[in-house]
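> Requesting a structural model of the entry that follows:
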Amino acid sequence: MIQFLVKRLIGLVFVVICVTFITFIMGYFAPGDPIRNLLGSHYTLQNYLRLKHYYGLDKPFLQQYLSYLYNLLHGNLGLSIIQEGRPVWDMLRTGVPVSTELALWALVIQVVVGVPLGILSALKANSWIDTTIMGIMLIFYAIPPFVLAVFVQVIVVLIDQHTGINWPVSNWGTPWQYTPSDIQLKLLPILVFAALGMAYIARLARTSMLEVLQQDYVRTARAKGMPERVVVYRHAFRNALIPLLTILGLSIGLLVTGAFFIETIFNVPGIAQATITAVDTRDYPVIQGTTVLLAVAVVIGNLLSDLFYTMADPRIRLE
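Model prediction:
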């Protein structure tokens, strides 16, 4: 186990290096000039050269990149260009808990609802129950997140107009607090975000479960007279978990990225707002900082997937 963790930590270092290098290349050769955008109407050649030197943008590419890696090794994500030297982590740290909370609760709902629906659909394969569940899941899976989010907002506003309940359709509330007013603010974006991944997890759970239920050891367990509940949950379900754990591990990292649409539409103060503004203004240090955080999240998600494998199937050994 320790050897496996060491290998994954080394892999994490290489992933971060590759991600930062690619991001640096894209930022270095991308059109536009963040210093010129920062100066605006106050542009003079003297001010321009002074700010380029202050942010180290007048250095060769390799020197800039090595300097960034050195700062990253010391926990420094750099300084924002557009916000005049404000630390990137200072800009992102207020949004990270919000994005994490949104993604975590969405993932919990996806698993708690999606997996049982997929299992039920597999057990009732080709029945009206299976058709209904998979039909609904297919609709959720096919609708783009920004379309579903706007549609839900419109429906809630119409309900508010006819009932006067005044349910909020934007903003977030205090992170990790769940007073009635906080729950009202958080419920819609969480449910909308969860609906998108829940459909995929339910369909994958159904496919995996159907494949396992056709295996010889399942037929043997039934032939021995074991209760159906034992056959399904002790023998079939644990083996059907392997593909699901792979997807769930990736989802841990990718959920934060997928939340960008939801955060923007529902005006959730997560990292999406800072990232989208950085892309629009070519604030490359902020873009690089967000990219590093997401890369680390994806690697950690994969690590958790491998650890979950051993819990689902003791025959799997991590080396």
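> hey, let's count contacts and neighbours off CA atoms from now on
Noted.
> Give me the number of neighbouring residues for residue 86.
The number of residues packed near residue 86 is 13, by other CA atoms under 10 Å.
> same question, residue 152
Counted with other CA under 10 Å, the neighbours of residue 152 add up to 17.
> In which helix or strand does it reside?
Secondary structure assigned from DSSP states H and E places residue 152 in helix 145-163.
> which of the residues in that helix are buried?
145, 146, 148, 149, 150, 152, 153, 156, 157 (16 or more other CA atoms under 10 Å).
> Once you drop chain neighbours, what's closest to the fifth one?
The shortest distance from residue 150 to any residue other than its chain neighbours is 7.2 Å, reached at residue 265 (CA to CA, 6 or more residues apart in numbering).
> any idea how far the one you found lies from residue 63?
Relative to residue 63, residue 265 is positioned 39 Å away (criterion: CA to CA, to the nearest Å).
> do residue 105 as well
42 Å.
> who has more neighbours, those two?
Relative neighbour count places residue 105 above the other of residue 105 and residue 63, with 17 against 13, counting by other CA under 10 Å.
> And the more buried one, how far from residue 189?
According to CA to CA, residue 105 and residue 189 sit 10 Å apart.
> and which of the buried residues of helix 145-163 is nearest to residue 181?
Within these, proximity to residue 181 (CA to CA) peaks at residue 156, which comes in at 16.1 Å.
> shouldn't the closest one be in contact with residue 167?
Yes. Shown here, residue 156 and residue 167 form a contact pair, counting by CA atoms under 8 Å, at 7.1 Å.
> these two touch, right, the residue nearest to residue 150 and residue 149?
Yes. When contacts are counted by CA under 8 Å, residue 265 is listed as touching residue 149 (7.0 Å).
> Spatially nearest residue to residue 260, not counting backbone neighbours?
Residue nearest to residue 260 in three dimensions, not counting chain neighbours: residue 272, with 4.9 Å by CA to CA, 6+ apart.
> Counting neighbours, what do you get for the one you found?
Residue 272 is flanked by 25 other residues according to other CA under 10 Å.
> can you tell me the helix or strand for it?
Under the assignment given by DSSP H and E, the secondary-structure element containing residue 272 is helix 271-281.
> Show me what that helix is in contact with.
Contact with helix 271-281 is made by 34, 37, 82, 91-92, 95-96, 98-99, 259-261, 263-264, 284, 286-287, 290, as judged by CA atoms under 8 Å, 6 or more residues apart in numbering.
> Give me the mean pLDDT for that helix.
Averaging pLDDT along helix 271-281 yields 81.
> Could I get the contacting residues of residue 38?
Here residue 38 is in contact with 81, 82 (CA under 8 Å, 6+ apart).
> Buried residues, the host helix or strand of it. List them.
According to DSSP H and E, residue 38 maps onto helix 34-39. By neighbour count on 16+ other CA under 10 Å, the buried set for helix 34-39 is 34, 35, 36, 37, 38.
> quick one: which of those is nearest residue 300?
Distance to residue 300 across the buried residues of helix 34-39 (CA to CA) is lowest for residue 34, with 32.3 Å.
> show me what contacts that closest one?
For residue 34, the set of contacting residues under the criterion of CA under 8 Å, 6+ apart consists of 81, 82, 281, 282, 283.
> all helices for the stretch 201-319 of the chain, in order.
If you assign secondary structure with DSSP state H, counting those that start in this stretch, the helices in the stretch 201-319 of the chain sit at 216-223, 228-230, 237-265, 271-281, 284-312.
> looking at the ones you listed, which is closest to residue 173?
helix 237-265 (12.8 Å).
> for the record, mean pLDDT for the closest one?
Per-residue confidence for helix 237-265 averages out to 74 on the pLDDT scale.
> about what we covered before: tally of neighbours for the residue nearest to residue 150?
18.
> now residue 32
The number of residues near residue 32, taken as other CA under 10 Å, comes to 12.
> same thing with the one 10 residues further on?
By other CA under 10 Å, the residues close to residue 42 number 11.
> Residue 240 now?
Using other CA under 10 Å, residue 240 is surrounded by 23 other residues.
> just use 44 as the starting number from now, easier for me
Sure, I'll start numbering at 44, so the last one becomes residue 283.
> these two touch, right, it and residue 257?
No. The pair residue 283 and residue 257 fails to qualify as a contact (CA under 8 Å) at a distance of 11.5 Å.
> Including pLDDT, could the buried residues of helix 77-82 go into JSON lines?
Formatted as JSON lines, the entries for the buried residues of helix 77-82 read as follows, by pLDDT from 0 to 100:
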{"residue": "77", "pLDDT": "76"}
{"residue": "78", "pLDDT": "79"}
{"residue": "79", "pLDDT": "78"}
{"residue": "80", "pLDDT": "74"}
{"residue": "81", "pLDDT": "75"}
